[in-house]
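here you go, sequence then predicted model.
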Amino acid sequence: CKKINCPDQYPCKQPRKVEGKCCKVCPEETENQNLDHKDYFCGEETLPVYEALYIEERETIRKIAVKTEKPPQVEIHTWTIRKGVLSHFDTEKVSKTEFDELPHFKQITRTTLSQWKIFSEGEAQISHMCRSRLCRTELEDLVKLLYLEKSEKDHC
């Protein structure tokens with residue numbers, strides 16, 4: 001990981017710490033980044049990815065979600081892990097309003113639709129493979145796919 005150097009001085013008087021940003025930002029900047037704000041990676045629009053991780057009745061519940069604009073919805077992938085083995089896998093689609101009311105979710109990255117499709121296909125393979133054996137690293141590796149690396153950005 002590279003160390004991030006935040007500016008010592010900002011163009012505004014009171015920069016604020018904002019979730020999802022490493023450095024403080026000026027309030028005007030956050031207002032300008034409304035719902036129409038889109039980030040791009042290699043010319044492809046990026047989508048926010050969220051994760052929720054919690055323990056429920058001695059099972060680890062891990063949820064990965066992506067928000068899309070068209071259609072305006074959130075796709076949630078839920079993994080239930082019992083004693084290190086994937087015991088249940090489920091996918092559901094909810095409205096953005098419903099999603100905003102769900103607990104535990106935090107944005108972890110932004111990804112492209114093509115990376116999300118690769119993630120979904122890999123997830124289907126892993127769900128079959130991991131029903132009978134320990135698969136903690138496979139799930140971790142799959143989530144890493146969603147992070148867009150700068151090295152890839154140079155090879156668009």
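Structure's in. What do you need?

what is the rounded mean pLDDT of the lengthiest strand in the chain?
Secondary structure of the chain per DSSP state E: the longest strand is strand 44-56. Averaging pLDDT along strand 44-56 gives 90.

what does stretch 91-103 give?
In the prediction, stretch 91-103 has an average pLDDT of 93.

and the helices in this protein?
27-32, 96-100, 113-129, 136-144, 150-153 (DSSP state H).

now distance to residue 20 and mean neighbour count too, for those helices, in TSV please.
(Each C-beta comes from the backbone N, C-alpha and C, glycine too.) What follows is these, written out as TSV (distance: least, C-beta to C-beta, whole Å; neighbours: other C-beta atoms under 10 Å):
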stretch	distance to residue 20	mean neighbour count
helix 27-32	10	12
helix 96-100	15	13
helix 113-129	18	15
helix 136-144	17	14
helix 150-153	17	9
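
compare those and give me the one nearest residue 83.
Minimum separation from residue 83 across the helices of the chain (C-beta to C-beta) falls at helix 136-144, 10.7 Å.

Provide a list of residues in contact with residue 120.
Neighbouring residues of residue 120 by C-beta atoms under 8 Å, 6 or more residues apart in numbering: residue 77.

please report the distance of it from residue 43.
21 Å (C-beta to C-beta, to the nearest Å).

now swap in residue 144 and tell me
22 Å.

kindly report the same for residue 83.
Counting by C-beta to C-beta - residue 83 and residue 43 are separated by 44 Å.

give the contact list for the residue nearest the centre of the chain.
What sits nearest the mean C-alpha location of the chain, by C-alpha atoms, centre = their mean, is residue 49, with 2.2 Å. Neighbouring residues of residue 49 by C-beta under 8 Å, 6+ apart: 64-66, 107-111, 116, 146.

how about those, which pair is most distant?
107 and 116 (14.5 Å).

and for residue 63, the neighbour number?
When neighbours are defined as other C-beta atoms under 10 Å, residue 63 has 19 of them.

just the buried positions in the longest strand of the chain, please.
46-52 (16 or more other C-beta atoms under 10 Å).

make JSON lines out of these and add distance to residue 79.
Listed next are the buried residues of strand 44-56 as JSON lines, based on distance: C-beta to C-beta, whole Å:
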{"residue": "46", "distance to residue 79": "23"}
{"residue": "47", "distance to residue 79": "20"}
{"residue": "48", "distance to residue 79": "19"}
{"residue": "49", "distance to residue 79": "15"}
{"residue": "50", "distance to residue 79": "14"}
{"residue": "51", "distance to residue 79": "11"}
{"residue": "52", "distance to residue 79": "11"}
